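Novice: Based on what follows, work out the 3D shape:
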Amino acid sequence: MKQTHSQCLPSCHQCPRFHHHLLLLLLASITSFVCCQQATTSSNDTDRLALLHFKQGIIDDPDMVLSSWNDSVHFCSWFGVTCHPDDSNPSRVMSLALNRQRLVGTLSPYIGNLTSLQGLSLLDNSFRGEIPQELGNLLLLRHLNLSANYFTGEIPLNLTRCFRLSFLLLERNNLTGPIPPEIGTLYKIQYLRLGTNKLTGQLPPSLGNLSMLIDFGVAYNGLVGSIPERYGQLSSLKMFIVGVNQLSGVVPESLFNLSSLNMMTLTMNQFQGTLPQDIGFTLPNLQMFAISSNAFTGNIPASFCNASGLQMLNMNRNHFQGRLPDCLGNLPALGELDAAANNLGSNSTGDFAFLKSLANCSQLTRVGVAENNLGGQVPDFLANLSASTFKQLFLGVNQATGFIPAGLQNLLRLTDLDLTTNLFTGPIPSFLGKLPNLQRVGLAGNQLSGQVPSSIGNLTQLFELDISFNELQGNLPADISRAQKLVLLDVSSNKLDGMVPPEIMQLATLSKLLNLSWTSFTGNLPGGAWKLQSLTSLDLSHNNFTGEIPAEIGGCKGLVYLYLQSNSFTGKIPEALASLAGIEQMDLSHNRLTGTIPLPLQNIHSLQYLNLSFNDLGGEVPTGGIFSNTSILSLGGANAMLCGGVSQLHLPKCRVTQKNNTRKSLKVKLSIILVPSLFLSLLVVLGIFFYYMSSRRSNKQKVFDDLGLGKLAAVSYKDLHQATNGFSAANSIGSGGFGIVFKGVLEHTETLVAIKVLRNGDKKVDKSLKAECNALRNVRHRNLVRLITYCSSLDYKGNNFNALVYQFMENGSLEKWLHHFDDDGNPNLSMIQRLNIALDVATALHYLHELNGGVSIIHCDLKPSNVLLDADMVAHVSDFGLAMLLSTEVDHHSSLSGSKTSSLGVKGTIGYAPPEYGMSATNGTKEGDVYSYGILVLEMLSGKRPTDELFGGDGGWLSLRDAVNAALPNDVYSVLDPKLYSPEDRDAAEAEGRDENEEEGEHRNYCFVSVLEIAVACAAESPRERMKIDEVARKLLSVRDYFQANCITSGRASQQPSRVRNPNN
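Specialist: Numbers count the residues shown, from 1 in each chain. Now for the predicted structure:
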């Protein structure tokens, strides 16, 4: 039956109930819509507030990348923030990425409120503190990258709630504790990187359940135990990196069956056992295999030749035996082969046969098989190695025979050649001088004969040349001095003769070693100025040198070891040797030296061994310094005329001759007559002088005369008023606690000067004035600010006016260069400029601390604002307002107890003052100045002030020194001022498995680490552990010269000159 439309409607008596239901349905719909809108709005606001809390945790944002994080734009448009693109989750944060933005701070727990977050990446910043447990609230999180920060504490267990995680990257932090076994429940993990932390415990077997895992890295930790058998189930694994731990045992055979593997790194552990003979078949996709520094045994499997994609095979420092496979030429991509320090070879012909097949390896750069038992001749197959790529050949400490292979001359890109301690014969081939890229040549410990080829002088890139312990004859060619980058030259234990070329002593780059010992050199040592200021070790012993010991040796300020024994030197011991402030060992024995022992030698505090035996020395032996410790002093043998000294030497007492007695008696009589007469005359002269001066001085002028400035020509208030345009604000260049500094031009000299106008009526100012004048009146040094003149007068209102006038520094203070010059203004300080400045300041401190006349000056307030830079960027230490005088007659250790006169009670500036200044009544000390210097150098290289908020707070480092010390030596780029390096430098320095000799930034990295280590040693908490300032200057000079020799002509270093003028001046 057909139903009509009316039949579909309720009957009349049902209408009220129908309308009621319809109304309820409508209300429900509206309520649902409103609730949804409120929920969306609430979620949006939660995300916005969470981001703002994240921003609050940032205490330093040098590039202002978070400046857009404000209400002027929607948070989805904030830098680094990405919201969902579709309507399913409108305005919800999907990703937060702030990689390499130099952010400093802590990670706010409010990050856990971004519940729609799928990606969080904060790579390469300076986040500190613990990783918040609230990250476990991010149930949608797939990608988490917190690598290259300073996070501490344990890996949060709550992260295991993020079951969608596929990337968990926490490497290069300071995380501690074990690897949580619960990570084994994150079945979607593909990349798990926890390397370069401080993790302990064992590898959790549960990680073997991660069937999707592609990349597993836990290198550079403190893990122990063995590799779990279950890791052989990781069927998707491509990268397995567990090097530099304390793992042990046998590597599970199942791990060698993971055919997907292309990288396996087990270096520097304690693994044992043999490698599977079919490893190349079970791991056909292998590209990098590194197992150095373990205890593997057996043969090197020939099946490696089946892994055609292999690029690096590194197996050095194990216990492998047998021969290297002859089929390695089947690996066309092979770039590095290192099997050094094993038991390979049988000391017979054919041990080097593997080199023939390597001719097919067109990418080969390095072969290292040193320290094995390889014998026989090295075939000329070397000529067939890839001339376009091959750089390093290490065959040292084997049993190779025959001539040095002529095939080497084809390897024009060769940088390192090590053939030491073999049985090579014949001459040093002259073709070595045609290999223009050679940097290190080691031929020591062979049976080479003939002359040293002069063509070696053509090697302009040569750093080290060691040809010692051979049978070489003839003269040492002067042409070697043309190798202007040499830092080590060792020709010892040969049959060389003749005179040493004077040009050798002009090689200013020599810093490690100059060894000419055990040869047959004759004649006098070269005279004239030596340029070996950076040289650490000089060995000229066991030759036939004659004449006097050149006083020029005293100019080799960097010397630590000096050996001149067993020659025929005559004359006196030069007093100039006492200027070798860092010398530790000195041997002048078995010569024909005469005269007395120079008294200043007892003042060399660093000296640990002194041998003057078997000479013809006489006179009184000093009793101080090293001469008081007979266990490290040798004076015996032929020195029959010596007398005195400490009792342990058992020398006769020194006798006074009658002639001396007569002279002494005459001197006494004359003294009795002349001294009173001279004293009375002096009193008369002084009385007349003071009467005359007092009649000319006002009370104000007397202040400066009493401070010893009367010898300076004073200027008038009018002169300074005119010079500074009425002391206008435009001429003001700074202010401090004791007054204001103006710049101006003195009319009568047209000299640009800095004028320090002192506040009146303040006792601290008067004390500061006294301290500064006492410090500056008697010192002259190129790295100290120069006091030109002064003014003590009345101003135009009749008020007292006192001012000091200094040399003007065109480039302002170091503090401004480090912290106030932006990228669009003045140029950044290059590394060589910072090295020069650090060396300038160290030199100035050394001068102040070691003044003649029994007085030293302690600065007491060294900091960047007190280091001024002139037009040539030469540093000058300034502001001696807290300086004090210290008698050098006080015992060295008493300087730690405060037994001296201080000008002020103020103890430096917070952050730069040493801890002992705040813990006792200790006044200024030399060690205190060294501490301030160390902090200053740390600030110069890190770009961070010691008072920055990231130091001393919760979760951060206690101090700038602690932060740098923790980063040394392997994580130095994390604390360096980013202006000193490029991202490529850092990435290259931190790449695992890199060949350091091939890295372009290796020399820069060495200098960075060296300077920071010096600074950390200076800033030691205990005064007695701090480095001496003379040693600081010596080591910095060595680093500076090394940097100039190796870094200044290439890369970033060449982009900036060593001295740059401030363009704003």
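
Novice: which one is Arg230 nearest to, not counting chain neighbours?
Specialist: Leaving aside its chain neighbours, Arg230 sits nearest to Gly208 (2.8 Å; criterion: CB to CB, 6 or more residues apart in numbering). Using the backbone N, CA and C atoms, a C-beta is placed for each residue, glycine as well.

Novice: Kindly tell me how buried that neighbour is, as a neighbour count.
Specialist: 20 (other CB atoms under 10 Å).

Novice: which phi and psi does it have?
Specialist: Taking degrees, to the nearest 10, you get phi -70, psi -10 for the backbone angles of Gly208.

Novice: Quick one: residues contacting it.
Specialist: When contacts are counted by CB atoms under 8 Å, 6 or more residues apart in numbering, Gly208 is found next to 184, 228-234.

Novice: Could you tell me which of those belong to strands?
Specialist: Among the contacts of Gly208, no member falls in strands (criterion: DSSP state E).

Novice: From these, keep the buried residues only.
Specialist: Buried subset of the contacts of Gly208 (neighbour count, 16 or more other CB atoms under 10 Å): 184, 228, 230-234.

Novice: In the stretch 801-950 of the chain, where is pLDDT below threshold?
Specialist: 821-827, 851-855, 880-907, 918-923, 949-950 (pLDDT under 70).

Novice: what are the ranges of the strands in it?
Specialist: 855-858, 867-869, 875-877, 884-887 (DSSP state E, counting those that start in this stretch).

Novice: Low-confidence regions, the stretch 651-800 of the chain specifically.
Specialist: In the stretch 651-800 of the chain, residues with pLDDT under 70: 656-713, 736-738, 761-779.

Novice: same thing but 80
Specialist: 656-714, 734-739, 747-751, 759-781, 790, 792, 798 (pLDDT under 80).

Novice: TSV please, covering the contacts of Gly208 and showing distance to Ile832 and pLDDT.
Specialist: Output for those, formatted as TSV (distance: CB to CB, whole Å; pLDDT from 0 to 100):
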residue	distance to Ile832	pLDDT
Gly184	51	96
Pro228	51	97
Glu229	55	96
Arg230	54	96
Tyr231	49	97
Gly232	53	95
Gln233	54	95
Leu234	49	96
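
Novice: Direction included, what does the helix or strand hosting Phe742 pair up with?
Specialist: If you go by DSSP states H and E, Phe742 is part of strand 739-746. Here strand 739-746 has these sheet partners by DSSP bridges: strand 732-736 (antiparallel), strand 751-758 (antiparallel).

Novice: just checking, Val560 touches Ile604?
Specialist: No - counting by CB atoms under 8 Å, Val560 does not reach Ile604; the two are 11.6 Å apart.

Novice: Name the SS class of Ser631, please.
Specialist: helix (DSSP: H, G, I helix; E, B strand; the rest coil).

Novice: What distance do you get for it to Pro574?
Specialist: 26 Å (CB to CB, to the nearest Å).

Novice: of the two, who's got more company?
Specialist: Legend: neighbour count by other CB under 10 Å for Ser631 and Pro574, higher for Pro574 (16 against 7).

Novice: Nearest residue to that one in space, please, no chain neighbours.
Specialist: With sequence-adjacent residues excluded and distances taken as CB to CB, 6+ apart, Pro574 is closest to Ala551, at 4.4 Å.

Novice: burial measure for the one you found, as a count.
Specialist: The burial count for Ala551: 14, using other CB under 10 Å.

Novice: quick one: pLDDT of it?
Specialist: We note a pLDDT of 91 for Ala551 in this prediction.

Novice: Mean pLDDT per helix and strand in the chain: which one sits at the bottom?
Specialist: helix 699-706 (a mean of 42; mean pLDDT, DSSP states H and E).

Novice: Run through the helices of the chain in chain order.
Specialist: All helices of the chain, identified by DSSP state H, fall at 15-56, 279-282, 354-357, 658-694, 699-706, 717-723, 763-776, 814-819, 831-849, 926-942, 960-967, 983-990, 1002-1018, 1029-1046.

Novice: neighbours around Phe1043, how many?
Specialist: Counted by other CB under 10 Å, the residues lying close to Phe1043 total 23.
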